[in-house]
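**Student:** this is a predicted model, with the sequence first.
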Amino acid sequence: MDGAVAASVPGGTFLTLGHAAALAAVARAVQRQRPPHALLLVGPRGVGKTTLAFDLAAGLLCLRDEPASRPCRDCAACRKVEADNHADLHLIAPEGAGEQIRIGQIQRLVTDLALTAMEGRFRVAVITAAQRLNLDAQNALLKTLEEPGPATCLVLCADDAAPLLPTVLSRSARLRLAPLPIEALARQLAADGLAQPAQARALALASAGRPGLARRLLDAPEAVLARSRIGRTLLDLVDADNRRRLAAAADLITDAAAFEAALRGEVASTSRRLQPVERRRALQVIIEVWRDVGRDLAVAARGDGRAIRDLDQLEELARAAGRIEAPSLHRFLDRLDRLSLAVEGYASPELTLDALLLSWPRPTRAGRSAA
C-alpha cells in the first residue's frame with residue numbers, strides 16, 4: 001500500500017496522496033535542486049497532478065536551509081505557494097468560453113520566465129489542463145522548452161497527452177499518474193484522518209481511485225450522490241430500448257452538471273440552459289463514470305467479484321455481465337476513449353451522448369433467454 005506522502009518521502013512535507021514513484025522523483029528533484037526544465041504530468045482529471053505540481057513548486061521555492069527538509073510548509077515561501085501568491089510561481093489555466101489556453105497567456109508567461117527569480121532560487125510555472133493549449137500557444141511555448149532560462153521549471157498537467165504536439169512532448173520529462181486501487185485510496189484517506197472508513201471507501205469509489213477528486217468530494221456529498229445516480233442509470237440502460245435510452249440523456253446531463261456544481265460548492269440550476277462549456281464538462285463526467293461501469297462489467301464477466309469497485313451493485317453487475325458479449329463491451333470502452341478526446345475538441349456533446357447511448361452494449365439473445 002502507498003503510505004502517507006510525508007511518511008513515504010523522509011524530510012519534506014508533501015501533500016500528494018499515493019503515487020509513490022512519481023512523488024519519489026519529485027522529492028529527488030527538490031533535494032538535488034535539479035528539476036527538469038519541463039515536466040509533463042499526465043493522468044485522468046482529479047488524479048492529483050496539480051497537487052504534485054505544487055508539491056514540486058513548494059519544494060523548489062522553500063526557504064529551509066536543508067534541501068532534504070523541503071518543502072517545510074511553514075516558511076514564508078511555502079505559505080505563499082499554498083496561497084498562490086508567490087512572485088516566482090506562475091499559474092496558467094484555460095480561459096474564456098472555449099476554455100482554451102491561448103497564445104497571449106503563453107507569451108506573457110515566456111516573458112516572465114526570462115526574468116531572474118525575484119524571491120526564490122527558481123521560477124516555476126504550472127500549466128493546468130495543458131491539453132487545452134491551442135496550437136498557437138503550444139508553438140509559442142516551444143522556444144522556452146528548447147532554450148529554458150536558468151533556474152526555470154515548467155510543469156504541464158494534462159489529462160491526456162494526445163492533443164500536445166510531438167515537439168512539446170519530446171522536450172518534456174514525463175510522469176504518468178494512474179488512479180489508485182479503491183481499497184488502497186480508502187485506507188489512505190482513513191489513515192490520514194480525512195474520513196472514517198465507511199466514508200473513505202465511498203469517496204474512493206466515487207472518485208474512481210483519484211486522490212485529488214476524493215479530496216474535493218470530502219466537502220461535496222451532493223456530488224457523490226449525483227455520480228452514483230449516473231452509474232445506476234447507465235447500468236439500468238443495458239436492458240432499455242432505444243427510446244428509453246435517448247430519453248435518459250437529459251437526466252444524465254442534469255446529474256453530471258449537478259456533480260460539477262457541487263464540486264464548485266454551488267447548487268446546480270435546473271431553470272437555465274447549460275452553456276456549451278458546461279455541457280461538454282457534463283459529458284466528460286458521464287464518460288468517466290461510464291468507463292468505471294464498463295470496467296466493472298468486464299471484471300464481473302471474468303468472474304472476479306473481488307476486483308469489482310462498486311460492490312453495492314455487485315449483483316446487478318454480475319447479472320448484466322453474464323448477458324453481454326465481452327468483445328462488444330471492449331469495443332465500446334475503446335470508443336469512449338476516442339470520443340472523450342473528440343469532445344475536448346469539436347464534437348457536439350448532445351450528439352455524442354445520443355450515439356453512445358444507442359451503442360451501449362445490449363444483452364445477446366442467448367443472454368436474454370438465459371435471464
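**Tutor:** Yep, that arrived.
**Student:** from here on, contacts and neighbour counts on C-alpha atoms
**Tutor:** Will do.
**Student:** how about L175, secondary structure?
**Tutor:** Put simply, L175 is strand when judged by DSSP: H, G, I helix; E, B strand; the rest coil.
**Student:** my read: it touches P36, true?
**Tutor:** No: taking CA atoms under 8 Å as the definition, L175 is not a contact partner of P36, at 11.4 Å.
**Student:** how does the chain divide into domains?
**Tutor:** Domain ranges of the chain: 5-176, 219-370, per automatic domain parsing.
**Student:** and the shortest one, average pLDDT?
**Tutor:** Confidence over domain 219-370 (mean pLDDT, whole number) is 83.
**Student:** just the first one next, same as before
**Tutor:** Taken as a whole, domain 5-176 carries a mean pLDDT of 90.
**Student:** in stretch 23-41, which residues are buried?
**Tutor:** 23, 26-31, 33, 35-41 (16 or more other CA atoms under 10 Å).
**Student:** let me know the closest of these to P211.
**Tutor:** L23 (13.4 Å; CA to CA).
**Student:** what helix or strand is that closest one located in?
**Tutor:** helix 20-32 (DSSP states H and E).
**Student:** now that helix - C-alpha only, CSV.
**Tutor:** Extracted in CSV, the C-alpha atoms of helix 20-32 (Å, rounded to 0.1, in the frame of the first residue of the first chain):
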residue,chain,number,x,y,z
ALA,A,20,4.9,6.8,-4.6
ALA,A,21,7.2,6.5,-7.7
ALA,A,22,6.2,9.9,-9.1
LEU,A,23,6.5,11.5,-5.7
ALA,A,24,9.9,10.0,-5.2
ALA,A,25,11.1,11.5,-8.5
VAL,A,26,9.8,14.9,-7.4
ALA,A,27,11.4,14.6,-4.0
ARG,A,28,14.8,13.8,-5.6
ALA,A,29,14.5,16.9,-7.8
VAL,A,30,13.8,19.0,-4.8
GLN,A,31,16.6,17.6,-2.7
ARG,A,32,19.2,17.8,-5.5
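**Student:** which SSE is immediately downstream of that helix?
**Tutor:** strand 38-42.
**Student:** would you map the strands across the stretch 201-350 of the chain?
**Tutor:** Read by DSSP state E, counting those that start in this stretch, the stretch 201-350 of the chain holds no strands at all.
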